[in-house]
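Asks: Next input, structure requested:
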Amino acid sequence: MAEQERPGADDEAQENPVQEPGTERVEEPGTQTIDSDVPTKVCAYCSTQSRTNGAFCPNCGKPFVHSRASRKTVKIAAIAIAAVIVLGGGTAVIARTVMHNNEVVAQEAAVKKEKAAEAAAAAKVAAEEAAQEALDSAERDLRMTTVGEIEASITTDAQARVVEGVLDGPIDKSSCTPLGGGSTDDLTAITTTFTCIAINEENADGTSSGYRFSATMNWDDGSYTWHLGD
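Replies: The predicted structure follows:
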């Protein structure tokens, strides 16, 4: 019976190579041992995805050592970019809010300023009107006092004429009224003409009798004249 040829030691060594202690088995680039339990690896250099127990990318031969670090770097970079976008958007919103608030404050300040100016103008007008009214009131009082002076002057003149025998007395007082319905309240009038009476008799019906005088008052220079008769 023929004997089968037993594989030699060299053949066994080729089929089951023994790894020397302290050495690492290195797969040649371009080879890939697929294992469904191995997670998918992404090459940091060529982005090729593969499932292999090897330490090198089957596409470009670069080691997978930096893959995890690269993914972490990409993730951090993505987070940083997202943060910049969010912060940038938030900054824009804040800027718009601040701008809007500033516009509102400026508008409110302008309205307050306008109202203050209007109030100041109204107060000024009111003060001017009050001052003018005070001056007008003082002028009317002065004119009434001046009319009293005219009446006193006519009374003195009439009494002198009684002494002279020109008029019959006694003359106790005189009364003057603006002619033609005029008034001492009309401060625009430069002159006023008065019809006056030097009273020598009081009637039972409340009227008076006497001698008629005419008088003219010049309000500009404060002078006046009078004469007996119309």
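Asks: From the chain's centroid, how far away is the strand or helix carrying N101?
Replies: Assessed by DSSP states H and E, N101 sits inside helix 67-164. Offset of helix 67-164 from its chain centre (CA atoms, centre = their mean, to the nearest Å): 11 Å.
Asks: partners of the helix or strand that that helix is followed by in the sheet?
Replies: Using DSSP H and E, the next helix or strand after helix 67-164 towards the C-terminus is strand 173-178. The strands beside strand 173-178 in its sheet (DSSP bridges) come out as strand 191-202 (antiparallel).
Asks: neighbouring contacts of the partner strand?
Replies: 147, 150-151, 154-155, 157-158, 167-180, 182, 184, 186, 208-219, 226, 230 (CB atoms under 8 Å, 6 or more residues apart in numbering). Every C-beta, even on glycine, is put in place using the N, C-alpha and C of the backbone.
Asks: quick one, that strand and helix 67-164 angle?
Replies: Strand 191-202 and helix 67-164 are oriented at 50 degrees to each other (axes from the mean of the first three to the mean of the last three CA atoms, to 10 degrees).
Asks: Quick check: buried residues in strand 191-202?
Replies: T192, F194, C196, I197, A198, I199, N200 (16 or more other CB atoms under 10 Å).
Asks: Next, work out how far apart the nearest residue to G222 once chain neighbours are set aside and A152 are.
Replies: With CB to CB, 6 or more residues apart in numbering as the criterion, G222 has its nearest non-adjacent residue at 7.2 Å, and that residue is T146. Separation of T146 from A152 (CB to CB, to the nearest Å) stands at 11 Å.
Asks: And V111, by the same measure?
Replies: V111 is 61 Å from A152, by CB to CB.
Asks: follow-up on the earlier one: might you report the residue contacts of the residue nearest to G222?
Replies: With CB under 8 Å, 6+ apart, T146 has these contacts: M217, G222, Y224.
Asks: Kindly report the same for E151.
Replies: E151 neighbours (CB under 8 Å, 6+ apart): K173, S174, S175, C176, C196.
Asks: Before I go, just wanted to say thanks for your time.
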